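Participant: Here's my sequence, what's the structure:
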Amino acid sequence: MLKTLSKKKRMARGSDLANRSPIFYGWIIMLVGTLGIIMTSPGQTDSVSVFIEHFIADLQISRSLVSTLYTMGTLIGSFALPVVGQQIDRQGPRRMVLVISALFGLACIYMGFVQNALMLGLGFIAIRMLGQGSLSLVCRNVINQWWIRRRGTVMGISGLLASLFGLGGFPNLINWLIPIHGWRLTYMFLGLLILAVMIPIGLGFFRNRPEDYGLQPDGHKSHLVEGKAPAEEPVEENWTLSEAMHTSVFWTGGVGIASISMLTTGLFFHMVSIFQDSGLTPTVAASVYLPIALISAVVTLASGALLSRIPVRLLLAASLVLQAVSLVMAGWFLQGTGMALLYGLTLGTMLGLIRTVSSVMWAMYFGRQHLGSITGVTTTISVVGTALGPMPMGIARDLLGSYNTALTVSAVLPLSLGLVSLFGRKPQRHTERA
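Facilitator: Predicted coordinates for the structure are as follows:
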């Protein structure tokens with residue numbers, strides 16, 4: 001006991017960057033974690049969607065096959081996420097972000113060498129597992145480790161930056177690079193960018209839990225500092241993965257988020273084609289990502305700040321309803337750039353809300369101690385949903401000649417789940433009466 005306390009005191013007095021920072025190091029963690037989230041973009045559907053038409057034309061494969069490969073790649077890649085989550089708990093975010101970033105960068109470089117459907121499918125597995133899944137998981141986890149009471153606000157700021165520079169920047173960057181250098185060199189460039197940015201950032205600035213350095217979440221003074229009275233520290237209730245999985249909110253929240261992941265992925269994956277069917281150009285489709293990103297950023301910041309006043313279940317319900325509205329709009333109301341802009345604003349509002357919900361819900365409900373294991377499973381559920389999005393829409397387009405029927409029928413799902421999510425209250429431990 002005394003040896004453990006002495007070790008913690010040495011940590012508190014150590015010369016680590018987290019201790020020497022003139023500001024609470026959680027703010028640095030927020031910035032580098034957000035940068036990591038932004039760098040997941042080459043594995044996210046909004047960026048991959050810009051490559052889809054080039055895959056179809058250059059590899060001479062059908063839209064249905066590309067959609068199926070993307071679905072299978074996303075699904076297979078998701079199976080690794082529970083293991084990744086467990087390793088985050090055991091090894092810490094700092095070590096894991098280095099491994100994941102290196103593998104993700106190499107996976108993007110590999111995409112530039114794809115020659116056939118099999119190689120494309122393997123590439124989809126890699127970029128979805130490592131970028132959309134693992135790198136996103138470890139970066140959100142590390143931010144949650146450093147914040148409790150101000151988690152909503154911090155995640156709101158993080159979401160704002162991620163929306164502006166990720167969703168708002170990368171699709172347009174890719175759309176600009178492909179005509180100049182071709183889609184193969186563009187993907188290779190993205191891989192090199194990930195390696196050049198995330199390896200130094202992960203090694204130099206990522207840190208694990210604040211307690212490892214004698215600090216407390218939210219910048220509270222550590223009770224280990226000698227000669228000072230204990231400061232009031234955030235109180236949280238930590239649940240194991242098994243305990244969390246026995247609560248109803250784990251499943252209602254997980255399935256609700258997964259349905260949005262599924263349907264949004266379908267919309268983003270076929271964005272260019274949906275717009276072309278409505279008489280709009282690929283450039284207009286790519287440009288819509290900017291208003292999506294802008295409104296998403298504003299809504300993420302606002303909803304994060306309001307989390308102390310509005311239950312997270314209401315934000316989830318609102319995002320599900322907006323998802324249904326966006327599906328109907330995509331199917332029937334994309335006539336002209338004005339409606340395309342309105343569609344982008346609707347979709348962006350939904351994305352801002354769900355980004356806040358998915359970023360804070362699990363840490364808010366189940367604590368930080370087993371957060372990696374819990375979010376590893378919930379992220380898998382979400383990614384499985386993501387996997388199921390592109391294929392039905394692609395098949396419907398090939399068979400029916402239009403996306404309208406698939407989009408309209410799909411809108412029923414989020415509307416139904418929105419009603420169910422209204423009852424998803426924060427779980428409470430059952431205690432026996434004396």
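
Participant: and the spatially most central residue of the chain, what does it touch?
Facilitator: Taking CA atoms, centre = their mean, the centroid of the chain lies closest to residue 136, which sits 5.3 Å from it. Residue 136 is in contact with 36, 37, 40, 379, counting by CB atoms under 8 Å, 6 or more residues apart in numbering. Backbone N, C-alpha and C define where each C-beta goes, glycine included.

Participant: how about a cut-off of 10 Å?
Facilitator: Counting by CB atoms under 10 Å, 6 or more residues apart in numbering, residue 136 touches 36-37, 39-40, 43-44, 81, 100, 130, 162, 358, 375, 379, 382-383.

Participant: Just give the number of residues close to residue 117.
Facilitator: For residue 117, the tally of surrounding residues (other CB atoms under 10 Å) stands at 17.

Participant: Filter the contacts of residue 136 down to the ones in helices?
Facilitator: Among those, the residues falling in helices (DSSP state H) are 36, 37, 81, 100, 162, 358, 375, 379, 382, 383.

Participant: could I get those residues as a markdown table with distance to residue 72?
Facilitator: Listed next are these as a markdown table, based on distance: CB to CB, whole Å:
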| residue | distance to residue 72 |
| --- | --- |
| 36 | 26 |
| 37 | 25 |
| 81 | 16 |
| 100 | 21 |
| 162 | 27 |
| 358 | 24 |
| 375 | 23 |
| 379 | 18 |
| 382 | 17 |
| 383 | 12 |
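
Participant: Pick the one among these closest to residue 18.
Facilitator: Nearest to residue 18, judged by CB to CB, of the ones in helices among the contacts of residue 136 is residue 36 at 17.2 Å.

Participant: Tell me the spacing between residue 255 and residue 372.
Facilitator: 21 Å (CB to CB, to the nearest Å).

Participant: More neighbours: which of the two?
Facilitator: Under the neighbour definition other CB under 10 Å, residue 255 and residue 372 were set side by side, and residue 372 has more, 27 against 16.

Participant: Pretty sure the more buried one sits against residue 241.
Facilitator: Yes: applying CB atoms under 10 Å, one finds residue 372 in contact with residue 241, separated by 9.4 Å.

Participant: Could you tell me which residues touch both of those two?
Facilitator: With contacts defined as CB under 10 Å, 6+ apart, the residues shared by residue 372 and residue 241 are 82, 85, 86, 89.

Participant: So which of these wins on neighbours?
Facilitator: residue 85 leads these on contacts (other CB under 10 Å) with 28 neighbours.

Participant: The helix or strand hosting it packs against which elements?
Facilitator: Following DSSP states H and E, the helix or strand that holds residue 85 is helix 81-91. Counting contacts by 3 or more CB pairs under 10 Å, 6 or more residues apart in numbering; DSSP states H and E, helix 81-91 packs against helix 93-111, helix 136-146, helix 241-245, helix 371-387.

Participant: Rounded mean pLDDT for that helix, please.
Facilitator: Summarised as a single mean, pLDDT over helix 81-91 is 92.

Participant: Same check on stretch 251-271?
Facilitator: Rounded mean pLDDT across stretch 251-271 is 89.
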